[in-house]
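Peer 1: Give me a model of this one.
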Amino acid sequence: MKSAVARGALAVAAVTVLGLTAACSGSGDDGKGKSEGAGAGGGKPSKSASADTSSATAKLEKAALASGDVEKYKVEVTKGSGAKTTRPARRVDPAQCGPLSEMLTAAAPAKSTAHVSRTLSGTDVADTTTTEVVLLAYGRADAERTMDTLRTATKSKKCVTFGDGGRRYIGVRPQPGPVVGDEAVSYKLASRAGEFLDRDRVTVVRSGSTLIAFRASNVFDPEAARSDEEGEAAGLPEKFRGGATGDPKVADAIVDAQLAKLKAAKK
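Peer 2: This is a model prediction of the structure:
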């Protein structure tokens, strides 16, 4: 049997490979803003549209978290951040659950005009949760409508389980949202990856016409969880156990730091 620490390392790797990396697969992985089709008809965007997108992206970059902004967290630029593409079209079933799926990727939803993304990981070995923070620029009306449709989807019984391409999400439940920004929506969900269970908790905060999607992820590993129970019984310190038994949570420190930086960037 693998050690709990080794299983924990494997579980963290699974989050990166199956979650963040897969989420960015359609968002300009070459870092040059290329896409399979630049517009609905596959044509190039107009110069004015490109300029607007570049300006919006620059503003979001100014507001994005950087190293040193959140104590005890490492901050990295997510692969594909700022790429001038929207997420690739995938069939979400039921379709009304699409808003939930949109906030699970680092690619930009169709109604947004720009996006940037950062990935945060705890510097403490015992913290197995990674958090992706995506800033999205919208028109004010589109930002408000996006929050409305997202809130409706979190409460829909039809979205307790839904399919998104080759993945199936289960256990979708609305969660209490933080009292920050102009409004906030939170939900949790999970998906199976072999013997592992990928778990996510998503909090989306609207501040004016900017949406910030916080996605905390960890992996439940049944074998590591059993090892943890054995380690606890033997008196093994918690930091040396490898299983993540609790649902991931979006840390208040990350939310507070991001909102503070966004507010400062708007001045």
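
Peer 1: what number of residues lie near the closest residue to Glu76 other than its chain neighbours?
Peer 2: Of all residues beyond its chain neighbours, the one nearest Glu76 is Thr119 (5.0 Å), with distances taken as Cβ to Cβ, 6 or more residues apart in numbering. For the C-beta atoms, the positions are set from N, CA and C on the backbone; glycine is no exception. Here the neighbour count serves as a burial measure; for Thr119 (other Cβ atoms under 10 Å) it reads 25.

Peer 1: in what helix or strand does Thr119 lie?
Peer 2: When elements are assigned from DSSP states H and E, Thr119 belongs to strand 114-122.

Peer 1: what helices or strands is the helix or strand following that strand leaning on?
Peer 2: Following strand 114-122 in sequence order, the next helix or strand is strand 130-137 (DSSP H and E). When contacts are defined as 3 or more Cβ pairs under 8 Å, 6 or more residues apart in numbering; DSSP states H and E, strand 130-137 sits against helix 47-63, strand 114-122, strand 210-220, helix 252-266.

Peer 1: now the angle from strand 130-137 to helix 47-63?
Peer 2: 140 degrees (axes from the mean of the first three to the mean of the last three Cα atoms, to 10 degrees).

Peer 1: Let me know the angle separating strand 130-137 from strand 210-220.
Peer 2: In terms of direction (the same axes, to 10 degrees), strand 130-137 departs from strand 210-220 by 160 degrees.

Peer 1: List the strands paired with strand 130-137, with their directions.
Peer 2: Listed by DSSP bridges, the sheet partners of strand 130-137 and their directions read strand 114-122 (antiparallel), strand 210-220 (antiparallel).

Peer 1: just for the stretch 1-150 of the chain, where's the confidence low?
Peer 2: Applying pLDDT under 70 to the stretch 1-150 of the chain flags residues 1-50, 84-89, 106.

Peer 1: And the strands in it?
Peer 2: In the stretch 1-150 of the chain, strands defined by DSSP state E, counting those that start in this stretch lie at 73-77, 92-93, 114-122, 130-137, listed in chain order.

Peer 1: I'd like those as a markdown table, with distance to Glu183 appended.
Peer 2: Formatted as a markdown table, the strands of the stretch 1-150 of the chain follow (distance: least, Cβ to Cβ, whole Å):
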| stretch | distance to Glu183 |
| --- | --- |
| strand 73-77 | 25 |
| strand 92-93 | 23 |
| strand 114-122 | 19 |
| strand 130-137 | 14 |
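
Peer 1: Nearest to Lys188, out of these?
Peer 2: Taking Cβ to Cβ, strand 130-137 is the member of the strands of the stretch 1-150 of the chain nearest to Lys188, at 13.7 Å.

Peer 1: Now render the helices and strands packed on strand 130-137 as CSV, adding distance to Leu136.
Peer 2: Supplementary listing: those in CSV, determined by distance: least, Cβ to Cβ, whole Å:
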stretch, distance to Leu136
helix 47-63, 8
strand 114-122, 5
strand 210-220, 4
helix 252-266, 12
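
Peer 1: Ok, which of those comes nearest Gly80?
Peer 2: Using Cβ to Cβ and comparing the helices and strands packed on strand 130-137, the one that lies nearest Gly80 is strand 114-122, at 7.3 Å.

Peer 1: Kindly provide the distance from Pro174 to Lys111.
Peer 2: The spacing between Pro174 and Lys111, counted by Cβ to Cβ, to the nearest Å, is 22 Å.

Peer 1: returning to that earlier point: need the residues that contact the strand holding Thr119.
Peer 2: Contacts made with strand 114-122 from outside it, assessed by Cβ atoms under 8 Å, 6 or more residues apart in numbering, are listed as 20, 24, 53, 56-57, 59-61, 64-66, 70, 72-78, 80-82, 106-108, 127, 129-137, 254.

Peer 1: Please, a ChimeraX command that selects the buried ones among those residues?
Peer 2: With 16 or more other Cβ atoms under 10 Å as the criterion, this ChimeraX line picks the buried residues out of the contacts of strand 114-122:
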select :20,24,53,56,57,59,60,61,64,65,70,73,75,76,77,78,80,81,82,106,107,108,127,129,130,131,132,133,134,135,136,137,254
